[in-house]
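1. Just the structure for this:
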Amino acid sequence: MFALVHPTILDRMHPKRSRWRQAYAAICERIRTGDLQPGDRVPTVYELMEEFGMSNTVAQKVHKALREAGLVGTEPGTGSYVFEGAAEELGGEGEN
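-> Below is the predicted model:
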């Protein structure tokens, strides 16, 4: 059973934004602020489903969008990881 999902700050800021866009924006923000560093594993599809209350298909869409934006890469069997320079791409500070 899944736990009830409480509204996030993104829901309050952008209540009409689709869940996949909310999740995508949240992961981008974590990369931009350094919460996710180059080489860190990004949340799995299942973890996104749990955190944002979305379906498997929608969570996969988030991963695809992150890859297409050049922010993460996927290693089959191990997960998706933040690319070097992703924070700078998003206008963040990066590792300094």
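2. Looks to me like Pro43 is in a strand.
-> No - the assignment for Pro43 by DSSP: H, G, I helix; E, B strand; the rest coil gives coil, which leaves it out of any strand.
3. Surely it touches Glu51?
-> Yes - using Cβ atoms under 8 Å as the test, Pro43 is close enough to Glu51 to be in contact (6.7 Å). Every residue, glycine included, has its C-beta placed from N, CA and C.
4. Looking only at neighbour counts, state which of those two leads.
-> Neighbours were tallied for Pro43 and for Glu51 using other Cβ atoms under 10 Å; the higher tally belongs to Pro43 (21 against 14).
5. List the contacts of the more buried one.
-> Applying Cβ atoms under 8 Å, 6 or more residues apart in numbering to Pro43 gives the contacts Ile27, Glu51.
6. Apply 7 Å and report the result again.
-> Counting by Cβ atoms under 7 Å, 6 or more residues apart in numbering, Pro43 touches Glu51.
7. for Gln60, same thing?
-> Val45 are the contacts of Gln60 under Cβ under 7 Å, 6+ apart.
8. For the residue nearest to Gly91 when sequence neighbours are not counted, give me the backbone phi and psi.
-> For Gly91, ignoring the flanking residues on the chain, the nearest one in space by Cβ to Cβ, 6 or more residues apart in numbering is Arg32 at 6.4 Å. Summarising the backbone geometry of Arg32 under the convention degrees, to the nearest 10, its torsions are phi -60, psi -40.
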